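Engineer: Sharing a model prediction with you, sequence too.
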Amino acid sequence: MSDMHRKLTTIFCADVQDYSRLMGADEEGTLATLRRYRDAMARLIDARGGRVVNTWGDGLIAEFPSVVEAVRAAIDVQNELARLNVAQADGARMYFRIGINLGDVIGEGDDIYGDGVNIAARLQASAPAGGIVISNTVYDQVRNKVAVGFEFLGQLQVKNIEGGVASYAVHIGAEEDRPGPRGNRSVFGRQAAPERTAASAAGTARRRRAVFCGLGMIAAGVVAVNLLTWRGEVWAVWPVFAVALIAALLWIRTSRLDRGFAALAVAGLAVTSINLLTWHGTFWAAWPLLGLATAAGIRWVRRGQGGIGH
């Protein structure tokens, strides 16, 4: 009698970046490192209440009853493997990519099958070396429960899933500083260069703050000029509005929020501001706002459908 059954579970899928290259350079050393790293992964997965379902080649699949614990296990794994890589020569360091999905699967014995597993594997394949990518079904469960940052990556195309799957990168503390193999381009559109360090990340944050401070000073300067050359007209409102719009667009680019929703919100605020600043007794902004709200609603529905397996 078949013991096939359906269940909702969290699928954790991992494999090694550039495994063929590592094997070509040193088969025995690579296999020894793989066994050591897998043992560490299995220990951390078990500690978070997960179960290793299967291993093959350089890959591993596990499942968790808790979505939060699955993400925490992935963070534990990447931090632990980063620590182990410190003792390795540059060319022998082994970086795993991890994908996590919450979905309905078919269980048969100790194995699991179905679109839920396929989505996790596709997310894993899109992750950078040493990185974690999750579906929006996972994101919705963990966004306020895990002390990490998230970056919306857009719709990831998956076979048999119409519209794709909304995906998010998980930014863990060590990830920004973790070197990756040379020439590897991550899903974030940046080169995973070994020279990226915490100092460079801090420098980026300082430059970002400096840009926003500079825009604030420009706006203040325009207002001061308007007041010092006062002729009964507040003409500074339009330059200040332009500076605020530039600041909002820069904020969208650097924010971890969904960029599509953020852009629609900024557009709504801009339209409303223009209507109020040119007020002639008619709130004409209601119609553009209705269009923007419709677009936001459509995006929300599509994003919700994109991460659900069938």
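Structural biologist: Nice, I can see it.
Engineer: Just give the number of residues close to Ala14.
Structural biologist: 28 (other CB atoms under 10 Å). No exception for glycine: its C-beta is placed from N, CA and C like everyone else's.
Engineer: Looking at Val234 now. What's its pLDDT?
Structural biologist: pLDDT, Val234: 90.
Engineer: can you pull out the strands in the stretch 201-310 of the chain?
Structural biologist: With DSSP state E, counting those that start in this stretch as the criterion, the stretch 201-310 of the chain has no strands.
Engineer: partner residues bridging Ala14?
Structural biologist: Following DSSP bridges, Ala14 is listed with bridge partners Leu60, Ile98.
Engineer: looking at it, it is touching Gly57, isn't it?
Structural biologist: No. Using CB atoms under 8 Å, Ala14 is not in contact with Gly57, being 11.6 Å away.
Engineer: just for the stretch 151-300 of the chain, where's the confidence low?
Structural biologist: Scanning the stretch 151-300 of the chain for pLDDT under 70 picks out 173-205, 253-259.
Engineer: repeat for the stretch 1-150 of the chain
Structural biologist: Using pLDDT under 70, the flagged stretches of the stretch 1-150 of the chain are 1-2.
Engineer: Try it again at 90.
Structural biologist: Filtered on pLDDT under 90, the stretch 1-150 of the chain yields the residue ranges 1-5, 55-57, 87-92, 108-111, 115, 143-144, 146-149.
Engineer: Which parts of it are helices?
Structural biologist: Along the stretch 1-150 of the chain, the stretches classed as helices by DSSP state H, counting those that start in this stretch are 19-25, 27-47, 67-85, 115-126, 136-142.
Engineer: mind checking which of those helices is nearest Gln157?
Structural biologist: helix 115-126 (8.2 Å; CB to CB).
Engineer: first to last residue in stretch 125-134, what's the distance?
Structural biologist: Start-to-end span of stretch 125-134 (CA to CA, to the nearest Å) is 11 Å.
Engineer: which residue of the chain sits farthest from its center?
Structural biologist: Arg231 (50.8 Å; CA atoms, centre = their mean).
Engineer: For Ala285, give its distance to Glu233.
Structural biologist: Going from Ala285 to Glu233 by CB to CB, to the nearest Å gives 23 Å.
Engineer: ok, those two, which is more surrounded?
Structural biologist: Ala285 (17 against 9).
Engineer: For that one, give me its contacts.
Structural biologist: 271-272, 274-275 (CB atoms under 8 Å, 6 or more residues apart in numbering).
Engineer: How about Leu264?
Structural biologist: 292, 295-296, 299.
Engineer: tally of neighbours for Val68?
Structural biologist: 15.
Engineer: next one: the one 10 residues further on
Structural biologist: Burial of Gln78, expressed as a neighbour count using other CB under 10 Å, amounts to 26.
Engineer: same question, Val237
Structural biologist: With other CB under 10 Å as criterion, Val237 counts 14.
Engineer: so it sits right up against Thr278, yeah?
Structural biologist: No. Taking contacts as CB under 8 Å, Val237 lies outside contact range of Thr278: 10.2 Å.
Engineer: Can you tell me who the residue positioned nearest the centre of the chain pairs with across the strands?
Structural biologist: Residue closest to the mean C-alpha point of the chain, counted by CA atoms, centre = their mean, is Ala169 at 2.0 Å. On the basis of DSSP bridges, Ala169 is bridged to Val133, Glu151.
Engineer: rewinding a little: Gly214 is nearest to which of the helices of the stretch 1-150 of the chain?
Structural biologist: Using CB to CB, the helices of the stretch 1-150 of the chain put helix 136-142 closest to Gly214, at 33.5 Å.
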